[in-house]
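>>> Model the following, please.
(2 chains)
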Amino acid sequence: MSTQNLVETHNLTKQYGKIRCVNSVNMQVTSGAIYGFLGPNGAGKSTTLKMILGLARPTDGNITLFGIPVNEKNRIKLLTQTGSLIESPSYYGHLSGEENLRIIQTLKGCSAKDIDEVLKIVRLDSARHKLVNHYSLGMKQRLGLAAALLGFPRLLILDEPTNGLDPAGIQEMRELIRSLPGAYGMTILVSSHLLSEIDQMADHVGIIRQGELVYQNTLASLHSHAKSQIALRVSHTAIAADLLREDGIDISLEEDYLLFPMIDDAYVANLCRRLIVQNISLYRVEKRETSLEDIFLSLTGKETSL
Amino acid sequence: MITLKTEFQKIKRRKIGLTMSVLISVQFAWFLWATKNPDEKELAQGWMNLLYTLPLLNVIMMPTFMSVLASRLSDLEHKGNTYKQLKTLRRPGILFDAKAICGLLFVAAISIGQMLFLLILGYCHHYTGNPDMHYYALSLILNFACCLALYLLQLDLSLLFFNQMIPLVIGLCGSLLGLILMYIKMYSFLPWGGFLSCTLVGMDWNIETRVVTLFYREHSIIEYCAMGMVFIWIIVFYTTGRIAFTRKEV
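Numbers count the residues shown, from 1 in each chain, chains lettered A, B, ... in the order given. Below is the predicted model:
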């Protein structure tokens, strides 16, 4: 096991009745990373995060936090080094923002000065004495993040932190999350069903589909899968395919189109001339992009939001 | 202690003390009305009469009062979805203990307040002689135990159900059941009838002379068992509630 990983799960499984919500997930969150946990709604993101935090018991598998296998005895001790915001923020509406944080600070046993600092970070210091019932949803979400930041934990687990926020709020939350590893040396595990959000926030990504982790690597690696192809539609597909094969080009057939990797313009022009010479009618020559969205959709199925 | 401290931080502005004071004031008003203009016989039996009346009022009122107390302490957690955060900071068992102890302190304050009120009322009415402090102390302990059993039952329900109407309705039904039990027997193995089992004073009402004579009861073995059952209920409700709360996934 690598000590570089702050979170590791081994065959983590959760079953409710006959339904397996999370199936043998092997997640690895590297120290200092912003790990985007991506998947459609109902894919098992929240359940996985809840199991990591001990809020749900795994049916099978185990979890390692900070290099130490988690059990019921050391769970709370290990979690003192983490902050979390799961689904919606937790708060006492009849108390002020500061009073809410005071409760968490007392339980975490961290310095009272942290309250001032986290309120400044989430820009709630001017609303600290206001009752949380009078906060907007965005303010409540920021209060939830402030509570998670108390004690400046090594690991921050955020489940869909931008849910319910307006575009400005989303942007603000995203920038805030992105700044945390650099400013406070935190590792962040953040889930979302929005690819664009993770794309703008994370440097590592794990994609979950129907409870199974189908992809896990750096975001840069996922981007490298995005590729451009040339699509060719002609009157005699078989003859054109033979011609390309003779030139050593790797081709694939999709509907009426011949697909081959991006190649220089001179070759494409020459190819077109040769096809015409052989009395093959040229209908279409297109450039096709396989975007990050296409890769994500191919990994998760078509049912997800982008 | 830290977790208990946060329980009191949480209930700021919840006016739980005020709510309970209002509810108990209703009981006190009933007492004042029931003991007004005592005659000589009533003055002579006054101290015993207070100990006889208290459990009768409690058996009707306390199930509802305790459901209100437990609900007021628990619904703030449901409303704010706070357990998913609290359970990452403390073991669930400790969170349950803090909630139980917080309520226990309220229950103790209510029980002591009731007993002090009875003593003040007795002295104000100039009841004959002095109160039998042995019976008053014993009554305080038993009254506290009965209230605690009901509080723990209601706490279990309030933590289990998101909708607080369910435990409140059960509390109200408990009050009705207490009223019915009162007409059946002066003891009961049910948690709502604990006050009846723990009544230390009995009444002899002569149907011909219509003379009421109060006396300190000598309990039979089955009545002692019913009294002991209150303490068993405390253990049962505490244990089952703690286990259920610990096992409950957020």
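
>>> Mind listing the strands the helix or strand that A:R288 is a member of pairs with, and their directions?
Assessed by DSSP states H and E, A:R288 sits inside strand A:282-289. Using DSSP bridges, strand A:282-289 pairs in its sheet with strand A:228-234 (antiparallel).

>>> Within range of chain A, give me the residues from chain B.
B:2-3, B:5-6, B:9-10, B:12-14, B:76, B:79-91, B:249-250 (Cβ under 8 Å from any Cβ of the partner chain). Bear in mind the C-beta positions are built from the backbone N, C-alpha and C, glycine included.

>>> ok, now with 10 Å
B:2-3, B:5-7, B:9-15, B:76-77, B:79-92, B:94-95, B:246-250 (Cβ under 10 Å from any Cβ of the partner chain).

>>> Now, of those, which are buried?
Burial by neighbour count, 16 or more other Cβ atoms under 10 Å in any protein chain shown: within the residues of chain B next to chain A this picks out B:3, B:6-7, B:9-11, B:14, B:76-77, B:80-92, B:94-95, B:250.

>>> State the distance from A:E197 to A:P161.
9 Å (Cβ to Cβ, to the nearest Å).

>>> Who has more neighbours out of those two?
Ranked by neighbour count (other Cβ atoms under 10 Å in any protein chain shown), A:E197 and A:P161 place A:P161 first, with 28 against 21.

>>> Can you classify the more buried one by secondary structure?
Of the three states, A:P161 takes coil according to DSSP: H, G, I helix; E, B strand; the rest coil.

>>> same deal with A:I280?
A:I280 - assigned by three-state DSSP - is coil.

>>> wait, isn't it in contact with A:L244?
No - at 12.0 Å, A:I280 does not count as touching A:L244 under the criterion of Cβ atoms under 10 Å.

>>> Determine which residue lies closest to the centroid of chain B.
B:C147 (2.4 Å; Cα atoms, centre = their mean).

>>> In what element of secondary structure is that residue found?
helix B:133-160.

>>> how far does that helix sit from the chain's center?
5 Å (Cα atoms, centre = their mean, to the nearest Å).

>>> so what's the residue in the stretch 1-150 of chain A that chain B sits nearest to closest to, chain neighbours aside?
The nearest approach of the stretch 1-150 of chain A to chain B comes at A:S90, 3.9 Å away (Cβ to the nearest Cβ). Leaving aside its sequence neighbours, A:S90 sits nearest to B:Q85 (Cβ to Cβ, 6 or more residues apart in numbering or on different chains; 3.9 Å).

>>> Tell me which residues touch the one you found, please.
Counting by Cβ atoms under 10 Å, 6 or more residues apart in numbering or on different chains, B:Q85 touches A:53, A:55, A:83-86, A:89-91, A:103-104, A:107, A:144, A:147-148, B:250.

>>> That one falls within a helix, correct?
Yes - B:Q85 forms part of a helix when assessed by three-state DSSP.

>>> Can you give me the separation between it and A:L85?
B:Q85 is 8 Å from A:L85, by Cβ to Cβ.

>>> what's the answer for A:A226, then?
31 Å.

>>> so who does residue 190 touch?
Went with chain A since none was named. Per Cβ under 10 Å, 6+ apart, neighbours of A:V190: A:34-38, A:49, A:85, A:156-162, A:173-174, A:177-178, A:197-198, A:201-202.

>>> switch to chain B, that's the one I care about
Per Cβ under 10 Å, 6+ apart, neighbours of B:L190: B:174, B:177-178, B:181, B:196-197, B:226, B:229, B:233.

>>> Would you check that A:L101 makes contact with A:L119?
Yes - at 7.2 Å, A:L101 and A:L119 qualify as touching, with contact defined as Cβ under 10 Å.

>>> Buried ones in the host helix or strand of A:L145, by neighbour count?
Using DSSP H and E, A:L145 sits within helix A:137-149. For helix A:137-149, the neighbour count (16+ other Cβ under 10 Å) marks A:138-149 as buried.

>>> Equivalent analysis for stretch A:174-185, please.
Here stretch A:174-185 shows A:174, A:176-178, A:180-181 as buried, counting by 16+ other Cβ under 10 Å.

>>> How about stretch A:201-217?
By 16+ other Cβ under 10 Å, the buried positions in stretch A:201-217 come out as A:201-211, A:213, A:215-216.

>>> Among the residues you listed, which ones lie close to chain B?
Okay, of the buried residues of stretch A:201-217, nothing touches chain B (Cβ under 10 Å from any Cβ).
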